[in-house]
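Chemist: Predicted structure and sequence below. I'll ask about it afterward.
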Amino acid sequence: MADILVVGAGTAGIACAILAAQAGATVTVLEKDAVIGGTLHVSAGHLSGAGTRRQRDVGIDDDTSDRHFDDVMRLSRGEADPVLVRLAVEEAPHTIDWLHDLGFAFDPSTPAIYLGHDAYSRARTVWHAAGPGQQPASPLGRAIGILETLRPAWDEQVAAGRIVPHFSTALTALIVEDGAVVGARATGPAGASAEFRSSHTVLATGGYGASPELFAELTPGHPRLVTHAWHTATGDGIVAARAAGAAIRDGEKHNYRLGMIEVEPGSGRGELARNFVGLSAAARRPDEIWVNEQGERFVDETTHDITGQERAVLGQPGHRFWLVFDEAALAGPQAPVPAGWDRDAVRARSDEGVVVWRDATPAGLAAKSGIDPAGLEQTLAAYNARIAAATSDPLGRTGTDAPLAQGPFYALALPAGVLVTFGGIHVDTQLRALDTAGCTIAGLYAAGEVVGGGATSGIAFCGGMLITPALSFGRILGRTLAAAAGRA
Ligand SMILES: Cc1cc2nc3c(=O)[nH]c(=O)nc-3n(C[C@H](O)[C@H](O)[C@H](O)COP(=O)(O)OP(=O)(O)OC[C@H]3O[C@@H](n4cnc5c(N)ncnc54)[C@H](O)[C@@H]3O)c2cc1C
């Protein structure tokens, strides 16, 4: 019987298994995919930590975990779990220094204040340098570089026999005896069921952003799932933990990453890299307006309060909106051109009329794209009149605007895109799973998105506060469970 059973060889599970094995523990790892990595295959991999060696190397020596904590609680508007945020930010610099020691290739522009989310008070976000074919200093980062950094340490422990991975082996249920979790049942590659026993079972199975059913159940009131979650993120650990009595919390704390386009309508797939419009006004001052299906503007497009914009979308019918602009805005320097497209692609695809449309008149555009024609006409008329009169914008839009009056007019549809899920297993400060009465479930632990993005980020995207806590909580459990098994 292994000292520790880790379910999921992704971000958190890899870190957990390596730390435990390096301390001398034996670790069985169940992984339903054929390879390790999980969401690291697709994530941007922005990490955040205060007081890192990387920061000191570039002369930032006034950042602290306390500042990081205060920033996260401010950005999450007090909705993150302060206890888990504290645990995460205290471990974060050690996690980033660990990657540094393992040869992590920092993007030369980092540490940075990343402007795609609400900004931290210090430059503490780092990401891996661009890979072949990527733009240098790609702001979307490259989490696969984290996997490449960790792989030699993983391989070394596998070769030493301390990590024993079972691929294509999916957790189906936890084994509970006398109120304690003593292992897991899983289906192996040939479809046969097997039992894996251990006194310490760590769930590191990720979120549920690839499960329309679980998303609908845990996040009621949200529309159809359009997602860029990795395909394995089907919430299996959450379902198994719940069946074993664990409390699941924060499902109602949901937020979207704005800017994804569902290129193939009905596919449910959005993307963060290609087919993604960067909406942050700190990076691109928008010339377009954003309207809901009634054709009404609903938020200041120019604000740097990105979380406020995300929440404004939560208040719109169907949680979707359209970017509306004219030919002059499309020709201009701030045109909302999705990554991987150019201006001519916007024009060509608007002729296809699938996710972007164009028409000579606002009413014609609205009719084609599913916006209320009278509403859009009225909104554009009021917007242009306000600019002509040089009066202030009712929604607080700042800066100098040109009227949107030079046809053809364009509308680009943006669904509410899911990147991560916010609900998960309630854990305590030692990452032990809690039941619905708040008591620990003996033998059961959780790390990573399976504890829910809401725990460390609230209903907001606090930069790096998913992937860094996943690695950090994995490391903490690897260390502490190896010690509990008498190995460290
Ligand atoms: C496109 C994208 C960009 C992102 N960018 C950022 C970012 O810049 N910064 C940030 O902080 N966060 C970001 N995130 C979120 C972050 O990457 C994830 O929250 C984090 O990587 C999840 O780690 P994890 O270990 O919980 O899950 P994963 O890395 O997904 O690992 C879970 C593993 O468990 C396995 N598994 C699942 N079910 C079973 C089962 N039944 N049995 C056995 N194994 C199972 C999976 O196959 C997988 O290998 C992003 C997410 C996405 C999708």
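Modeler: Perfect, thanks for sending it. Numbers count the residues shown, from 1 in each chain.

Chemist: which residues touch the residue in the stretch 301-450 of the chain that the ligand sits nearest to?
Modeler: Closest residue of the stretch 301-450 of the chain to the ligand, Cβ to the nearest ligand atom: G448 (2.3 Å). Heads up, the C-betas are built off the backbone N, CA and C, glycines and all. Residues counted as contacts of G448 (Cβ atoms under 8 Å, 6 or more residues apart in numbering) are 8, 10-13, 204-206, 469-470, 473-474.

Chemist: how does it look with 10 Å?
Modeler: Going by Cβ atoms under 10 Å, 6 or more residues apart in numbering, G448 touches 8, 10-13, 15-16, 38-39, 202-207, 237, 424, 466-467, 469-474.

Chemist: Look at the nearest residue to it once chain neighbours are set aside and give its secondary structure.
Modeler: Closest residue in space to G448, ignoring its immediate chain neighbours: A12 at 3.1 Å, by Cβ to Cβ, 6 or more residues apart in numbering. Recorded secondary structure, A12: helix (DSSP: H, G, I helix; E, B strand; the rest coil).

Chemist: isn't A12 right up against V427?
Modeler: No - counting by Cβ atoms under 10 Å, A12 sits too far from V427 to count as a contact (11.9 Å).

Chemist: Most proximal residue of the chain with respect to the ligand?
Modeler: G10 (1.7 Å).

Chemist: buried sites along stretch 215-231?
Modeler: Within stretch 215-231, the residues that qualify as buried are 215, 218-219, 222, 224-230, counting by 16 or more other Cβ atoms under 10 Å.

Chemist: coming back round to it: residues in contact with the residue of the chain closest to the ligand?
Modeler: 31, 33, 36-41, 43, 147, 204-206, 230, 232-233, 448-450, 470, 474.

Chemist: count of residues packed around the residue nearest to it when sequence neighbours are not counted?
Modeler: Nearest residue to G10 in three dimensions, chain neighbours excluded: G38, at 2.1 Å (Cβ to Cβ, 6+ apart). Residue crowding around G38 was assessed by other Cβ atoms under 10 Å; the count is 30.

Chemist: quick revisit: mind checking which of the contacts of G448 land in helices?
Modeler: Assigned to helices by DSSP state H, the following of these qualify: 11-13, 15-16, 237, 467, 469-474.

Chemist: What is the most widely separated pair among those?
Modeler: G237 and S472 (18.0 Å; Cβ to Cβ).

Chemist: ok, which stretches of the stretch 51-200 of the chain are strands?
Modeler: Here the stretch 51-200 of the chain has its strands, by DSSP state E, counting those that start in this stretch, at 125-126, 163-166, 170-177, 180-187, 193-197, 200-203.

Chemist: of those, which approaches L380 most closely?
Modeler: strand 125-126 (37.6 Å).

Chemist: That closest one - contacts with which helices or strands?
Modeler: For strand 125-126, the packing partners by 3 or more Cβ pairs under 10 Å, 6 or more residues apart in numbering; DSSP states H and E come out as strand 47-48, helix 82-101.

Chemist: Is any residue of the longest one near the ligand?
Modeler: No - no part of helix 82-101 sits near the ligand under the criterion Cβ under 6 Å from any ligand atom; the closest distance found is 10.4 Å.

Chemist: repeat for the shortest one
Modeler: No - counting by Cβ under 6 Å from any ligand atom, the ligand is not contacted by strand 47-48; separation bottoms out at 6.8 Å.

Chemist: Would you mind listing where this protein has pLDDT under the threshold?
Modeler: Flagging of the chain using pLDDT under 70 yields the residue ranges 135-141.

Chemist: can you give me the helices for this structure?
Modeler: 11-22, 53-57, 65-75, 82-101, 144-159, 212-218, 236-243, 306-314, 327-331, 343-352, 362-369, 373-389, 453-457, 467-484.

Chemist: buried stuff in the longest one?
Modeler: The one in question is helix 82-101. Those would be 84-100, for helix 82-101 by 16+ other Cβ under 10 Å.

Chemist: hang on, the earlier thing: possible to save the buried residues of stretch 215-231 as JSON lines with distance to the ligand?
Modeler: Listed next are the buried residues of stretch 215-231 as JSON lines, based on distance: Cβ to the nearest ligand atom, whole Å:
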{"residue": "F215", "distance to the ligand": "14"}
{"residue": "L218", "distance to the ligand": "16"}
{"residue": "T219", "distance to the ligand": "16"}
{"residue": "H222", "distance to the ligand": "17"}
{"residue": "R224", "distance to the ligand": "18"}
{"residue": "L225", "distance to the ligand": "13"}
{"residue": "V226", "distance to the ligand": "13"}
{"residue": "T227", "distance to the ligand": "8"}
{"residue": "H228", "distance to the ligand": "5"}
{"residue": "A229", "distance to the ligand": "5"}
{"residue": "W230", "distance to the ligand": "5"}
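
Chemist: So which of these sit within strands?
Modeler: Within those, residues falling in strands by DSSP state E are 226-227.

Chemist: For the buried residues of stretch 215-231, could you give me TSV that also reports distance to D342?
Modeler: TSV is the format used below for these (distance: Cβ to Cβ, whole Å):
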residue	distance to D342
F215	34
L218	39
T219	36
H222	33
R224	30
L225	29
V226	24
T227	26
H228	22
A229	28
W230	29
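
Chemist: Up against the ligand, what does the stretch 251-400 of the chain have?
Modeler: L272.
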